[in-house]
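Visitor: Structure of the sequence below:
(chains A and B)
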Amino acid sequence: MLAVFVGFEIITKVPPLLHTPLMSGSNAISGITIIGAILSVSSSNQTAMVLGFLALVIATINVVGGFLVTHRMLDMFKKKD
Amino acid sequence: MSSTFINLTYLVASALFIFGIRGLTHPRTAVRGNILGATGMLLAIIATLLDQQVFGAGTQALVWIFSGVILGATVGATLALRIELTAMPEMVALLNAFGGGASALVAGAVLVSDNDPSSQTTIATVASGIIGSVTFWGSVVAFDKLRGLLLPDQPVIFPGQQVLNGLLAITALGLGIMVVNEPATLSFYVGVVVVASLLGILLTIPIGGADMPVAIALLNSYSGLAAASTGFVLSNNILIITGSLVGASGIILTTIMCKAMNRSLLNVLVGAIAEGGGTKADADDVYAGRVKSTSAEEVAMLLDGARRAVIVPGYGLAVSQAQHQVRDLANLLESQGVEVEYAIHPVAGRMPGHMNVLMAEADVPYDKLREMDDINPTFEQTDVSIVIGANDIVNPAARNDPSSPIAGMPILNVDQSRTVIVIKRSLSPGFAGIPNPLFAADNALMLFGDGKQAVLKLITAVKEASS
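Guide: Numbering: from 1, shown residues only, chains lettered A, B, ... in the order given. Predicted coordinates:
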């Protein structure tokens, strides 16, 4: 709860300049579902494993794609310093 | 590996996520922030792999996990590195979809493998299934609209839409109650997912192009909430914390976008601007003989004597991909001693921050990209404002005409500058569907044409005028 409150305070300080990277970056961290997916793949239940595998693939796309594309964008903002 | 150690690692990872977002409060610290976030994610994944349930599950499970990660990482990296930066709205829509989809799938997986789930688990599973499916299909529709594939950019509205949406929501909740009562009957969960998917589609089709920033931000928030619900399914704190953070971030952005249009979220969601209150002025009355067309040469002469120019980019600039030409023009003007800045309206484009990314891609320094409240007071000291592919966000009717459908929407006060050049294909209205009195103002000149071509002509004309 505290984390969310602190997060709220910080997010309101992100300038409009960086709103797109904020979205793609938060997309990447919402890929935290990857943890649930990993746990599901290790399940002994066949159906759960298949569902978990699908979730794992798309959550990984989210994590890797999200962080990388955010990095690409932020790099453009940085190099003019 | 002890669960205390794993939980401690999760805590560290959550802290890294928060520090990561804090990095995004300034462009200089942003790259480091993103790397902190990625490090947090890596730690969380490693800790999960060391979990007894995973580590003890045998080689077969580990093989599946690694193949899944490699497959996802390959697709993710290819997408992230190959995609045009101008296609960022689509990319964000896709990422939203995957986040929501993954949550709904994990919740389903837990439901089938848990033989005797508690009611907390089943309630959270239903929430995760509903939010995740709405997010997935809503984002797919948003992606489709942004790409212009199957659905039109305009709102799709039909009679009884709200009633149908209401019925679908009630059905989804009803089926959800059945899931909680009889978790073993899987068809109920499948039903929840199917109905919520339909709802996701129907909720997004009435949202038109210019309202996309709100829709994208809201779906971003949903993808976080879906992850948080999945956290409750698994009783896993890091999912709850992180999901809530993303949910909060999306909600904050949604609020900012709605404020920038002076509309309520509800109003945006039902796609009501087309029939929204207020009387529409007739285009012929507004424009009648008062619109002055200009040429690149005339604009070059105006710019020759200017001390300060402000460029206002809009969605039309993104469509004609004119960002590099605009930057060339700005550099040329600066080399002749003109002060050039960019005025960025919060809802210009199709997602929060769209114009900033577009101009940053063209190497425009970020301190030249000025926010609306910052730059508005300076228009009175501006000799020439150049509006490229924007319409509603510079419509003075929002400020002057209380009966206008966009009355009260904050705008860029370009009409206060000495001269306004509007680069636009035609006098056709913007998304709000209303004429723009700016185009008929005494100090406004229309330079008709495609954004990129017009700017190229302007560059040539400015070079000739100065030589």
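Visitor: Tell me both backbone torsions, phi and psi, for the nearest residue to B:Ala226 once chain neighbours are set aside.
Guide: Nearest residue to B:Ala226, sequence neighbours excluded (CB to CB, 6 or more residues apart in numbering or on different chains): B:Ser103, at 3.7 Å. Where C-beta positions appear, they are placed from N, C-alpha and C, glycine not excepted. Torsion angles at B:Ser103 (phi, psi; degrees, to the nearest 10) stand at phi -60, psi -50.
Visitor: quick one, what contacts residue 49?
Guide: As the question left the chain open, I've gone with chain A. A:Ser40, A:Val41, A:Ser43, B:Ala61, B:Trp64, B:Ala109 (CB atoms under 8 Å, 6 or more residues apart in numbering or on different chains).
Visitor: oops, I was thinking of chain B
Guide: The contact partners of B:Leu49, by CB under 8 Å, 6+ apart, come to A:Ile38, B:Phe55, B:Ile65.
Visitor: 6 Å instead?
Guide: Shown in contact with B:Leu49 (CB atoms under 6 Å, 6 or more residues apart in numbering or on different chains): no residues.
Visitor: what does B:Ala196 give?
Guide: B:Ile130, B:Ser133, B:Val134, B:Ala172 are the contacts of B:Ala196 under CB under 6 Å, 6+ apart.
Visitor: swap in B:Pro117?
Guide: B:Pro117 neighbours (CB under 6 Å, 6+ apart): B:Pro183.
Visitor: that older thread, list just the nearest of the contacts of B:Ala196 to chain A.
Guide: Closest approach to chain A among these (CB to the nearest CB): B:Ser133, at 13.1 Å.
Visitor: Need the nearest residue in space to the closest one, chain neighbours excluded.
Guide: Nearest to B:Ser133 is B:Ala196, by CB to CB, 6+ apart, at 3.7 Å.
Visitor: Could you say which helix or strand holds that neighbour?
Guide: helix B:186-204 (DSSP states H and E).
Visitor: Next, the angle helix B:186-204 makes with the next helix or strand along the chain from that helix.
Guide: Under the assignment DSSP H and E, the closest C-terminal helix or strand after helix B:186-204 is helix B:212-234. For helix B:212-234 against helix B:186-204, the angle by axes from the mean of the first three to the mean of the last three CA atoms, to 10 degrees is 160 degrees.
Visitor: List the residues that contact the closest residue to chain A within the stretch 51-200 of chain B.
Guide: Of the stretch 51-200 of chain B, the residue with the smallest distance to chain A, taken as CB to the nearest CB, is B:Gly72 at 2.5 Å. Residues near B:Gly72 by CB under 6 Å, 6+ apart: A:Val57, A:Thr60, A:Ile61.
Visitor: From those residues, pick the one nearest chain B.
Guide: Nearest to chain B among the contacts of B:Gly72 is A:Thr60, at 2.5 Å by CB to the nearest CB.
Visitor: tell me the contacts of the residue positioned nearest the centre of chain B?
Guide: By CA atoms, centre = their mean, chain B has its centre lying nearest to B:Met351, at 2.5 Å. Neighbour list for B:Met351: B:Pro89, B:Val92, B:Pro213, B:Ile216 [criterion: CB under 6 Å, 6+ apart].
Visitor: What subset of those residues is buried?
Guide: B:Pro89, B:Val92, B:Pro213, B:Ile216 (16 or more other CB atoms under 10 Å in any protein chain shown).
Visitor: Show me the two of the residues you listed that sit farthest apart.
Guide: B:Val92 and B:Pro213 (10.4 Å; CB to CB).
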